[in-house]
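Peer 1: build the 3D model from these lines:
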Amino acid sequence: MERIYIGDLCTYKFRIIFDWKNDMEKLLVLFISIMGLVCNAQITTGAEQFNEYIDTLRNKRVGMIVNQTSIIGKSHLVDTLKYMGIEVVKIFTPEHGFRGDADAGEHIKSGIDEKTQLPVVSLYGENKKPSSSQLADVDILVFDVQDVGCRFYTYLSTMVYAMEACAENNKKLVILDRPNPNGKYIDGPTLDLKFKSFVGVLPIPVLYGMTLGEMAQMVNGEKWLGKNLTAKIQVVKLDGYTHETSYSLPIKPSPNLPNDQAIRMYPSLCFFEGTKISVGRGTDYAFQTFGHPSFKKDTFEFYPKSVAGAKNPMYKNQLCKGMDLRTYTTEEGITLRFIMIAYARLGGDLFDNISFFDKLAGTDKLRKMLIAHKSEKEIRKSWQKDLNSFRDKRKKYLLYQ
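Peer 2: Purely as a prediction, here's the structure:
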């Protein structure tokens, strides 16, 4: 019987054997996916490198931790694997849901995906970790979610909980690596485990300069799962990526990070989520502005409205005045300039959720130093010892230069 293989087409590096007579549909679907990759030819994601993991999934009941970013060209990874004959039995979804349109913090319901008719299990809300019963009909888990490289972005937490569940239930986790758009930065306060929460599960800086694949290796190596647990993982590496590589995400990773600028500003502006300051949710430029109804000195104005992904934004239908950051640039991964401006204007009234602010920071020291009117230089200096220690520790887990 005549058989063919495809390899290294448009830098899409894989080797899969097809039955020419019986597998034409699969071949056509895969070809369409490949054509969608031409625009991003410099970097090959883990999901695109079938030859590195497809045999691991064959004849297995596969669970997938995925969302709207889990794409190969223009095809969703779930659809592609199903067409290739992989038995996908269940979808697990992180914050914002399988389709990526839920508000931050919104309760995500489990159910059935209309397109695939697969059961969807939410890993956000009360159920943050796959349970033994949820994994009972799963032989192997695949994790393929686009991260933005910030400790408080909860996709990292979801991966850590998945590792813990796999370790407890003797399952293997295949991590299909994707680029970190903030990968060249290591910055911000390091989490004190007294402030551990779902927006910070590991003792790492806000910006950790690693892909999730690298971080998974570090979690195992540093024994951060606790209880003497080590997860069985397989990291499918990126090709053509370094930590200095600029990468524009083809799909927004969550509703309120709509573009590259929002992703760049997110590490600096997310601290406002524990304050009375709006970061532009309910506008077209979320995380590219900040403001408050009482601000008087600024010329930039915005009106938060109810929109998809921000159904009930802070100060809905109220005029906010603040700063336009759509073209702001900084050489630092994090700038404290904006939180310091806000504190100068609102004082102690800035912090309307002290507990959450400290969880985002991973410490209460940042808030206390702001209240003490410490300079940004002084605050940044207080991070350096922990940052230097983290840099040294991470070296042995890096997969990329």
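Peer 1: Three-state assignment for the closest residue in space to residue 225 that isn't next to it in sequence, please.
Peer 2: Excluding the flanking residues, the one nearest residue 225 by CB to CB, 6 or more residues apart in numbering is residue 164, at 5.1 Å. C-betas here are computed from N, CA, C, even on glycine. Per DSSP: H, G, I helix; E, B strand; the rest coil, the secondary structure class of residue 164 is helix.
Peer 1: per-residue confidence at residue 164?
Peer 2: The score at residue 164 is 98. That number is its pLDDT.
Peer 1: and what of residue 95?
Peer 2: Residue 95 is given a pLDDT of 81.
Peer 1: give me the number of residues near the closest residue to residue 398 other than its chain neighbours?
Peer 2: Closest residue to residue 398 apart from its sequence neighbours, by CB to CB, 6+ apart: residue 214 at 5.7 Å. Neighbour count for residue 214, taken as other CB atoms under 10 Å: 23.
Peer 1: check which helix or strand residue 214 maps to.
Peer 2: Counting by DSSP states H and E, the secondary-structure element that holds residue 214 is helix 212-221.
Peer 1: mind listing what's buried in that helix?
Peer 2: For helix 212-221, the neighbour count (16 or more other CB atoms under 10 Å) marks 212-220 as buried.
Peer 1: which strands or helices does it pack on?
Peer 2: Other helices and strands packing on helix 212-221, by 3 or more CB pairs under 8 Å, 6 or more residues apart in numbering; DSSP states H and E, are helix 155-169, strand 172-176, strand 232-236, helix 376-394.
Peer 1: out of those, nearest to residue 255?
Peer 2: Residue 255 lies closest to helix 155-169 among those, at 13.8 Å (CB to CB).
Peer 1: now do that closest one against helix 212-221, angle only.
Peer 2: Using axes from the mean of the first three to the mean of the last three CA atoms, to 10 degrees, the direction of helix 155-169 lies 50 degrees away from that of helix 212-221.
Peer 1: chain center to helix 155-169: distance?
Peer 2: The chain centre lies 14 Å from the centre of helix 155-169; the measure is CA atoms, centre = their mean, to the nearest Å.
Peer 1: how about residues contacting it?
Peer 2: By CB atoms under 8 Å, 6 or more residues apart in numbering, the surrounding residues in contact with helix 155-169 are 65, 92, 94-95, 123-124, 128-132, 135, 141, 143, 145-147, 171-173, 175, 198-202, 212, 215-216, 219-220, 224-225, 229-233, 253.
Peer 1: ditto for stretch 126-134
Peer 2: With CB under 8 Å, 6+ apart as the criterion, stretch 126-134 contacts 63, 90, 92, 110, 121, 123, 141, 157-158, 161-162, 164-165, 168-169, 198.
Peer 1: rerun that using 6 Å as the cut-off
Peer 2: Here stretch 126-134 makes contact (CB atoms under 6 Å, 6 or more residues apart in numbering) with 121, 161, 165, 169.
Peer 1: so what's the backbone phi/psi at residue 63?
Peer 2: Residue 63 adopts backbone torsions of phi -100, psi 150, taken as degrees, to the nearest 10.
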